[in-house]
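In: Got a predicted structure plus its sequence, pasted below:
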Amino acid sequence: MTSSRPFPVPLSVLDRSLVREGEHPGQALRETVRFAQQAEELGFLRFWVSEHHAVPGIAGSAPTVLAAAVASATSRIRVGTGGVMLPNHQPLVVAEQFGVLESLFPGRIDMGLGRSVGFTDGIRKALRVGKDAADGFSAQISELLDYFEGTGPVHARPAEGLRVPPFVLAVGSGATVAAEHGLPLVIGASRDERRTREAVETYRTSFRPRASTAPSAVSRPDAAPATAPYVVVAVNAAAAATREEAELLQLPEAWSTALSRTRGTFAPLVAPENVPVGAMSAKERAAFDEARLSQLRGTEDEVVEELASLVARTGADEVLLTLNTYDPGDRLRSYRRLAEAAGLTQRLPEPSTTR
(Lines give C-alpha, C1' and ligand atoms only; values in the text may rest on other atoms or scores of the structure.)
Protein backbone atom coordinates (compact mmCIF):
# COMPACT_ATOMS: atom_id res chain seq x y z
CA MET A 1 0.00 0.00 0.00
CA THR A 2 1.29 3.44 -0.92
CA SER A 3 2.74 5.20 2.11
CA SER A 4 2.62 8.84 0.81
CA ARG A 5 5.59 9.70 3.03
CA PRO A 6 7.41 12.95 2.13
CA PHE A 7 10.37 12.37 -0.17
CA PRO A 8 13.65 13.84 1.15
CA VAL A 9 14.40 15.98 -1.94
CA PRO A 10 12.39 17.54 -4.81
CA LEU A 11 11.33 15.34 -7.71
CA SER A 12 11.32 16.60 -11.30
CA VAL A 13 10.60 15.26 -14.79
CA LEU A 14 12.61 14.95 -18.00
CA ASP A 15 10.71 14.13 -21.19
CA ARG A 16 12.62 13.40 -24.42
CA SER A 17 9.56 13.47 -26.74
CA LEU A 18 10.13 9.94 -28.04
CA VAL A 19 8.10 8.89 -31.08
CA ARG A 20 5.99 5.72 -31.08
CA GLU A 21 5.97 3.34 -34.04
CA GLY A 22 3.53 4.57 -36.69
CA GLU A 23 3.20 7.99 -35.03
CA HIS A 24 3.97 11.38 -36.59
CA PRO A 25 6.61 13.29 -34.57
CA GLY A 26 4.11 16.10 -34.07
CA GLN A 27 1.99 13.79 -31.94
CA ALA A 28 4.95 13.13 -29.65
CA LEU A 29 5.45 16.87 -29.19
CA ARG A 30 1.78 17.38 -28.35
CA GLU A 31 2.05 14.49 -25.88
CA THR A 32 4.98 16.28 -24.23
CA VAL A 33 2.92 19.43 -23.68
CA ARG A 34 0.01 17.42 -22.28
CA PHE A 35 2.37 15.42 -20.07
CA ALA A 36 3.79 18.66 -18.65
CA GLN A 37 0.30 19.70 -17.61
CA GLN A 38 -0.16 16.35 -15.89
CA ALA A 39 3.24 16.60 -14.17
CA GLU A 40 2.25 20.00 -12.82
CA GLU A 41 -0.99 18.59 -11.44
CA LEU A 42 0.98 15.81 -9.73
CA GLY A 43 3.25 18.27 -7.92
CA PHE A 44 6.64 17.80 -9.61
CA LEU A 45 9.08 20.71 -9.30
CA ARG A 46 10.42 20.96 -12.86
CA PHE A 47 9.62 19.72 -16.35
CA TRP A 48 12.54 19.60 -18.79
CA VAL A 49 12.76 18.80 -22.49
CA SER A 50 15.77 17.67 -24.53
CA GLU A 51 17.63 18.34 -27.80
CA HIS A 52 18.27 15.74 -30.51
CA HIS A 53 18.80 16.30 -34.24
CA ALA A 54 17.75 14.10 -37.18
CA VAL A 55 16.90 11.12 -34.94
CA PRO A 56 13.94 9.05 -36.28
CA GLY A 57 12.67 8.15 -32.82
CA ILE A 58 12.98 11.54 -31.10
CA ALA A 59 10.87 14.58 -31.98
CA GLY A 60 12.46 17.10 -29.60
CA SER A 61 14.87 18.97 -31.88
CA ALA A 62 14.21 22.55 -30.70
CA PRO A 63 14.11 22.56 -26.88
CA THR A 64 13.63 26.29 -26.32
CA VAL A 65 10.68 26.32 -28.73
CA LEU A 66 9.17 23.28 -27.00
CA ALA A 67 9.85 24.82 -23.57
CA ALA A 68 7.86 27.89 -24.64
CA ALA A 69 4.90 25.68 -25.56
CA VAL A 70 5.17 23.82 -22.25
CA ALA A 71 5.41 27.01 -20.21
CA SER A 72 2.42 28.55 -21.97
CA ALA A 73 0.34 25.44 -21.24
CA THR A 74 1.24 25.39 -17.52
CA SER A 75 1.22 27.93 -14.73
CA ARG A 76 3.34 26.75 -11.75
CA ILE A 77 5.85 24.08 -12.67
CA ARG A 78 9.37 25.22 -13.56
CA VAL A 79 10.19 24.62 -17.23
CA GLY A 80 13.60 24.07 -18.75
CA THR A 81 15.93 22.15 -20.98
CA GLY A 82 17.84 18.99 -20.27
CA GLY A 83 19.47 20.33 -22.20
CA VAL A 84 20.40 22.76 -24.92
CA MET A 85 23.58 21.38 -26.53
CA LEU A 86 25.65 24.54 -26.42
CA PRO A 87 28.31 23.52 -29.00
CA ASN A 88 25.52 23.41 -31.61
CA HIS A 89 24.58 27.06 -31.06
CA GLN A 90 26.01 30.53 -30.72
CA PRO A 91 25.97 31.59 -27.03
CA LEU A 92 24.44 34.95 -27.95
CA VAL A 93 21.45 33.25 -29.59
CA VAL A 94 21.00 30.91 -26.61
CA ALA A 95 21.08 33.88 -24.23
CA GLU A 96 18.49 35.70 -26.32
CA GLN A 97 16.22 32.64 -26.43
CA PHE A 98 16.30 32.12 -22.67
CA GLY A 99 15.95 35.84 -22.14
CA VAL A 100 12.72 35.73 -24.12
CA LEU A 101 11.50 32.69 -22.18
CA GLU A 102 12.27 34.28 -18.81
CA SER A 103 10.63 37.54 -19.87
CA LEU A 104 7.46 35.73 -20.90
CA PHE A 105 7.39 33.32 -17.95
CA PRO A 106 9.29 35.10 -15.14
CA GLY A 107 10.64 32.95 -12.35
CA ARG A 108 9.80 29.63 -14.04
CA ILE A 109 12.60 29.01 -16.54
CA ASP A 110 15.68 26.77 -16.11
CA MET A 111 18.62 26.70 -18.53
CA GLY A 112 20.06 23.19 -18.72
CA LEU A 113 23.19 23.04 -20.89
CA GLY A 114 24.99 20.08 -22.45
CA ARG A 115 28.14 19.60 -24.52
CA SER A 116 27.12 16.92 -27.03
CA VAL A 117 27.36 17.51 -30.76
CA GLY A 118 25.53 15.83 -33.63
CA PHE A 119 25.25 12.03 -33.61
CA THR A 120 26.75 11.47 -37.08
CA ASP A 121 29.13 13.23 -39.45
CA GLY A 122 26.20 14.25 -41.65
CA ILE A 123 24.33 15.84 -38.76
CA ARG A 124 27.44 17.65 -37.53
CA LYS A 125 28.04 18.97 -41.03
CA ALA A 126 24.45 20.21 -41.25
CA LEU A 127 24.84 21.91 -37.86
CA ARG A 128 28.16 23.45 -39.00
CA VAL A 129 30.07 21.92 -36.08
CA GLY A 130 32.91 19.44 -35.85
CA LYS A 131 33.62 16.60 -33.45
CA ASP A 132 35.92 18.88 -31.47
CA ALA A 133 33.26 21.57 -30.94
CA ALA A 134 32.57 20.22 -27.45
CA ASP A 135 36.14 21.06 -26.43
CA GLY A 136 35.14 24.70 -26.13
CA PHE A 137 32.18 24.00 -23.81
CA SER A 138 33.64 25.81 -20.80
CA ALA A 139 34.43 28.93 -22.82
CA GLN A 140 30.96 28.84 -24.37
CA ILE A 141 29.36 28.73 -20.93
CA SER A 142 31.48 31.70 -19.82
CA GLU A 143 30.35 33.72 -22.83
CA LEU A 144 26.71 32.72 -22.33
CA LEU A 145 26.68 33.71 -18.66
CA ASP A 146 28.47 36.97 -19.45
CA TYR A 147 25.53 37.99 -21.62
CA PHE A 148 23.19 37.65 -18.65
CA GLU A 149 25.64 39.56 -16.46
CA GLY A 150 25.96 42.37 -19.00
CA THR A 151 29.69 41.76 -19.47
CA GLY A 152 29.58 40.11 -22.89
CA PRO A 153 31.03 41.54 -26.10
CA VAL A 154 27.57 42.85 -27.04
CA HIS A 155 24.32 43.39 -25.18
CA ALA A 156 21.99 40.36 -25.30
CA ARG A 157 18.43 41.57 -25.17
CA PRO A 158 16.27 40.80 -23.31
CA ALA A 159 18.58 38.43 -21.37
CA GLU A 160 20.84 41.05 -19.83
CA GLY A 161 20.16 41.44 -16.11
CA LEU A 162 17.80 38.46 -15.89
CA ARG A 163 18.34 35.54 -13.54
CA VAL A 164 17.85 32.21 -15.33
CA PRO A 165 19.27 29.30 -13.28
CA PRO A 166 21.87 27.43 -15.37
CA PHE A 167 22.50 23.68 -14.97
CA VAL A 168 25.33 21.68 -16.53
CA LEU A 169 24.79 18.13 -17.80
CA ALA A 170 27.59 15.78 -16.74
CA VAL A 171 28.51 14.43 -20.17
CA GLY A 172 32.25 14.05 -20.73
CA SER A 173 33.91 16.79 -18.70
CA GLY A 174 30.57 18.30 -17.69
CA ALA A 175 31.06 17.72 -13.96
CA THR A 176 34.41 19.52 -13.99
CA VAL A 177 32.97 22.40 -16.00
CA ALA A 178 30.02 22.74 -13.61
CA ALA A 179 32.38 22.95 -10.63
CA GLU A 180 34.66 25.47 -12.35
CA HIS A 181 31.75 27.77 -13.09
CA GLY A 182 29.97 27.24 -9.78
CA LEU A 183 26.85 25.81 -11.41
CA PRO A 184 24.39 23.04 -10.50
CA LEU A 185 25.23 19.60 -11.89
CA VAL A 186 22.86 17.14 -13.57
CA ILE A 187 24.25 13.60 -13.66
CA GLY A 188 22.72 10.33 -14.76
CA ALA A 189 22.52 7.43 -12.33
CA SER A 190 25.14 5.15 -13.86
CA ARG A 191 24.94 1.37 -13.74
CA ASP A 192 28.34 1.72 -12.05
CA GLU A 193 27.22 3.79 -9.09
CA ARG A 194 30.75 4.11 -7.80
CA ARG A 195 31.60 6.28 -10.81
CA THR A 196 28.55 8.45 -10.18
CA ARG A 197 29.47 8.96 -6.54
CA GLU A 198 33.08 9.75 -7.43
CA ALA A 199 31.99 12.33 -10.02
CA VAL A 200 29.65 13.97 -7.52
CA GLU A 201 32.34 14.06 -4.85
CA THR A 202 34.86 15.59 -7.27
CA TYR A 203 32.27 18.19 -8.27
CA ARG A 204 31.51 19.11 -4.65
CA THR A 205 35.16 19.41 -3.60
CA SER A 206 36.10 21.39 -6.73
CA PHE A 207 33.07 23.71 -6.66
CA ARG A 208 33.87 27.41 -6.88
CA PRO A 209 30.93 29.80 -6.31
CA ARG A 210 30.34 32.16 -9.20
CA ALA A 211 30.18 35.87 -8.43
CA SER A 212 27.07 37.40 -9.98
CA THR A 213 26.07 40.97 -10.65
CA ALA A 214 22.66 40.09 -12.06
CA PRO A 215 19.63 41.04 -9.93
CA SER A 216 18.00 38.28 -7.90
CA ALA A 217 14.52 39.78 -7.72
CA VAL A 218 13.12 37.39 -10.32
CA SER A 219 14.77 34.33 -8.75
CA ARG A 220 12.45 31.88 -7.00
CA PRO A 221 13.33 30.03 -3.79
CA ASP A 222 12.80 26.69 -5.54
CA ALA A 223 15.52 27.44 -8.09
CA ALA A 224 18.86 25.76 -7.54
CA PRO A 225 21.30 27.88 -5.49
CA ALA A 226 24.18 29.62 -7.28
CA THR A 227 26.50 29.80 -4.26
CA ALA A 228 26.74 26.12 -3.22
CA PRO A 229 27.02 22.74 -4.95
CA TYR A 230 23.70 21.39 -6.16
CA VAL A 231 23.38 17.90 -7.62
CA VAL A 232 20.46 16.62 -9.67
CA VAL A 233 20.56 12.85 -10.28
CA ALA A 234 18.65 11.68 -13.35
CA VAL A 235 17.01 8.25 -13.10
CA ASN A 236 14.95 6.13 -15.46
CA ALA A 237 12.24 4.73 -13.17
CA ALA A 238 8.98 2.84 -13.73
CA ALA A 239 6.28 1.99 -11.19
CA ALA A 240 3.34 -0.35 -11.59
CA ALA A 241 1.20 -2.72 -9.55
CA THR A 242 3.94 -5.37 -9.80
CA ARG A 243 7.63 -5.42 -10.70
CA GLU A 244 6.81 -7.53 -13.77
CA GLU A 245 4.35 -4.93 -15.06
CA ALA A 246 6.86 -2.14 -14.45
CA GLU A 247 9.48 -4.11 -16.35
CA LEU A 248 7.26 -4.20 -19.43
CA LEU A 249 7.01 -0.40 -19.41
CA GLN A 250 10.76 -0.03 -19.91
CA LEU A 251 11.29 -2.64 -22.62
CA PRO A 252 10.53 -0.37 -25.63
CA GLU A 253 13.06 2.33 -24.71
CA ALA A 254 15.72 -0.24 -23.84
CA TRP A 255 15.23 -1.86 -27.25
CA SER A 256 15.46 1.48 -29.10
CA THR A 257 18.62 2.23 -27.12
CA ALA A 258 20.08 -1.14 -28.08
CA LEU A 259 19.32 -0.46 -31.74
CA SER A 260 21.04 2.92 -31.55
CA ARG A 261 24.18 1.30 -30.15
CA THR A 262 24.27 -1.61 -32.61
CA ARG A 263 22.75 -0.15 -35.80
CA GLY A 264 23.35 3.57 -35.31
CA THR A 265 19.67 4.58 -35.29
CA PHE A 266 17.39 5.27 -32.33
CA ALA A 267 14.15 3.81 -33.68
CA PRO A 268 10.60 4.79 -32.65
CA LEU A 269 9.23 2.90 -29.66
CA VAL A 270 7.44 -0.36 -30.35
CA ALA A 271 4.83 -1.99 -28.14
CA PRO A 272 6.33 -4.13 -25.34
CA GLU A 273 5.01 -7.32 -26.91
CA ASN A 274 6.87 -6.46 -30.13
CA VAL A 275 10.28 -6.19 -28.48
CA PRO A 276 12.14 -9.30 -29.78
CA VAL A 277 13.40 -10.36 -26.36
CA GLY A 278 14.10 -13.91 -27.49
CA ALA A 279 15.33 -13.12 -30.99
CA MET A 280 18.13 -10.59 -30.52
CA SER A 281 21.64 -11.05 -31.82
CA ALA A 282 24.36 -11.42 -29.19
CA LYS A 283 25.45 -7.83 -29.80
CA GLU A 284 21.87 -6.51 -29.54
CA ARG A 285 21.26 -8.54 -26.39
CA ALA A 286 24.36 -7.16 -24.72
CA ALA A 287 23.35 -3.58 -25.56
CA PHE A 288 19.76 -4.26 -24.45
CA ASP A 289 20.84 -5.72 -21.11
CA GLU A 290 23.27 -2.85 -20.58
CA ALA A 291 20.51 -0.29 -21.22
CA ARG A 292 18.38 -1.95 -18.57
CA LEU A 293 21.03 -2.02 -15.85
CA SER A 294 20.56 1.62 -14.87
CA GLN A 295 16.74 1.45 -14.89
CA LEU A 296 14.77 1.24 -11.65
CA ARG A 297 11.48 -0.63 -11.60
CA GLY A 298 8.95 -2.07 -9.17
CA THR A 299 5.90 -1.05 -7.21
CA GLU A 300 5.71 2.62 -6.26
CA ASP A 301 6.85 1.94 -2.71
CA GLU A 302 9.79 -0.16 -3.92
CA VAL A 303 10.91 2.49 -6.41
CA VAL A 304 10.54 5.38 -3.96
CA GLU A 305 12.53 3.42 -1.39
CA GLU A 306 15.27 2.76 -3.97
CA LEU A 307 15.29 6.43 -4.99
CA ALA A 308 15.56 7.56 -1.36
CA SER A 309 18.46 5.16 -0.86
CA LEU A 310 20.16 6.54 -3.99
CA VAL A 311 19.75 10.08 -2.65
CA ALA A 312 21.32 9.04 0.65
CA ARG A 313 24.29 7.37 -1.06
CA THR A 314 24.99 10.15 -3.56
CA GLY A 315 23.96 13.17 -1.51
CA ALA A 316 21.69 14.28 -4.36
CA ASP A 317 19.75 17.50 -3.85
CA GLU A 318 17.09 16.59 -6.41
CA VAL A 319 15.98 13.64 -8.56
CA LEU A 320 15.10 14.05 -12.24
CA LEU A 321 12.82 11.20 -13.30
CA THR A 322 12.47 9.97 -16.85
CA LEU A 323 10.38 7.19 -18.38
CA ASN A 324 9.38 6.62 -22.00
CA THR A 325 6.63 4.08 -22.53
CA TYR A 326 4.80 3.01 -25.66
CA ASP A 327 1.44 4.00 -24.15
CA PRO A 328 1.38 7.54 -22.68
CA GLY A 329 -1.34 6.38 -20.31
CA ASP A 330 1.05 3.84 -18.79
CA ARG A 331 3.64 6.58 -18.31
CA LEU A 332 1.12 8.82 -16.55
CA ARG A 333 0.04 6.02 -14.23
CA SER A 334 3.68 5.33 -13.33
CA TYR A 335 4.41 8.96 -12.49
CA ARG A 336 1.15 9.20 -10.61
CA ARG A 337 2.06 6.23 -8.45
CA LEU A 338 5.47 7.74 -7.68
CA ALA A 339 4.02 11.17 -6.92
CA GLU A 340 1.55 9.64 -4.46
CA ALA A 341 4.17 7.39 -2.84
CA ALA A 342 6.58 10.32 -2.48
CA GLY A 343 3.92 12.51 -0.88
CA LEU A 344 3.71 15.01 -3.74
CA THR A 345 -0.02 14.58 -4.15
CA GLN A 346 -2.98 12.90 -2.55
CA ARG A 347 -4.54 9.83 -4.14
CA LEU A 348 -7.00 11.00 -6.80
CA PRO A 349 -9.27 9.22 -9.29
CA GLU A 350 -7.46 7.98 -12.39
CA PRO A 351 -7.85 10.54 -15.22
CA SER A 352 -8.91 9.67 -18.74
CA THR A 353 -5.96 8.66 -20.93
CA THR A 354 -7.77 8.88 -24.25
CA ARG A 355 -5.37 10.18 -26.87
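Out: Arrived safely, thanks for sending.
In: what about stretch 113-120, start to end distance?
Out: Stretch 113-120 has an end-to-end distance of 20 Å (Cα to Cα, to the nearest Å).
In: List the contacts of stretch 145-159.
Out: By Cβ atoms under 8 Å, 6 or more residues apart in numbering, the residues outside stretch 145-159 that reach it are 91-92, 95-96, 98-100, 102-103, 143, 160-164, 166, 181, 210, 212-214. For glycine as for every other residue, the C-beta is placed from the backbone atoms N, C-alpha and C.
In: who touches residue 140 in this structure?
Out: Applying Cβ under 8 Å, 6+ apart, the residues near residue 140 are 86-87, 91.
In: Rebuild those as JSON lines, extending it with neighbour count, pLDDT and secondary structure.
Out: Below are these laid out as JSON lines (neighbours: other Cβ atoms under 10 Å; pLDDT from 0 to 100; DSSP: H, G, I helix; E, B strand; the rest coil):
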{"residue": "86", "neighbour count": "27", "pLDDT": "91", "secondary structure": "helix"}
{"residue": "87", "neighbour count": "22", "pLDDT": "90", "secondary structure": "helix"}
{"residue": "91", "neighbour count": "20", "pLDDT": "95", "secondary structure": "helix"}
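In: Break down the chain into its strands, ranges please.
Out: 11-15, 46-49, 78-81, 84-85, 109-114, 166-169, 185-188, 231-239, 295-298, 318-322 (DSSP state E).
In: wait, which of the ones you listed is closest to residue 276?
Out: The minimum distance between residue 276 and the strands of the chain falls on strand 295-298, with 18.5 Å, by Cβ to Cβ.
In: how much space between residue 255 and residue 13?
Out: 22 Å (Cβ to Cβ, to the nearest Å).
In: Just the buried residues out of the contacts of stretch 145-159, in PyMOL syntax.
Out: Burial among the contacts of stretch 145-159 is assessed by 16 or more other Cβ atoms under 10 Å; the matching PyMOL selection reads:
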select buried, resi 91+92+95+96+98+99+100+102+143+160+161+162+163+164+166+181+214
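In: and the contacts of stretch 145-159, which of them are in helices?
Out: Judged by DSSP state H, those include 91-92, 95-96, 98-100, 102-103, 143, 181 as members of helices.
In: Closest to residue 335 out of the contacts of residue 140?
Out: Nearest to residue 335 among the contacts of residue 140 is residue 86, at 28.9 Å by Cβ to Cβ.
In: Which residues lie in contact with the closest one in this structure?
Out: Residue 86 sits next to 94, 113-115, 137, 140-141, 144 when contact means Cβ under 8 Å, 6+ apart.
In: Please identify which of these is nearest to residue 125.
Out: Checking these against residue 125 with Cβ to Cβ, the nearest one is residue 115 at 18.6 Å.
In: ok, that closest one to residue 73 distance?
Out: Per Cβ to Cβ, residue 115 is found 29 Å from residue 73.
In: The two - which one has more neighbours?
Out: The residue with more neighbours, out of residue 115 and residue 73, is residue 115; 25 against 14, by other Cβ atoms under 10 Å.
In: give me every residue that touches that one.
Out: Taking Cβ under 8 Å, 6+ apart as the criterion, residue 115 is in contact with 85-87, 134, 137, 169, 171-174, 177.
In: Sounds good, over and out.
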